[in-house]
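Enquirer: Need coordinates for the following:
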Amino acid sequence: MAIALIEESDLRRIIREEVAALLEQMHRPAVRDDLPPILTVREAAEATRVSVYKMYDLTRRPGFPAVRDGRMIRIPRDALFQWLEREGLANDGQPCG
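Expert: Model (predicted):
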């Protein structure tokens, strides 16, 4: 069994780099590149695994990233996942209402 010796300064540098990489990964918005940049309500519902009816309900919420053009509703993919992340972080365990 071989034991590798490493200087304390090198070990600290490696740990700092790994922690920085993990923190960056945690704060990166959850973007699904397999989805188009602009989603229909149905596509957004499927991507987030909620019903189409619930997605229409969400589009009426203030602050939800929906773009309306007459009766047509489109949802920017990146904004949707950023909104979900913010809402998840704001959730204090209480029922939404």
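
Enquirer: Now Met72. Its backbone dihedrals?
Expert: Per-residue torsions, Met72: phi -80, psi 130 (degrees, to the nearest 10).

Enquirer: Name the residues linked to it by a beta bridge.
Expert: Met72 has these beta-bridge partners by DSSP bridges: Asp69.

Enquirer: can you count the residues close to it?
Expert: Neighbour count of Met72, defined by other C-beta atoms under 10 Å: 9. Yep, even glycine has a C-beta here, placed from its N, CA and C like the rest.

Enquirer: Next: Pro36.
Expert: Neighbour tally, Pro36, other C-beta under 10 Å: 10.

Enquirer: Show me the helices in this structure, by range?
Expert: Remark: helices assigned in the chain by DSSP state H are 8-27, 41-48, 52-59, 77-90.

Enquirer: Tell me which of those helices sits most buried.
Expert: helix 41-48 (a mean of 18; mean count of other C-beta atoms under 10 Å).

Enquirer: I'd like the mean pLDDT over it, please.
Expert: Averaged across helix 41-48, pLDDT comes to 96.
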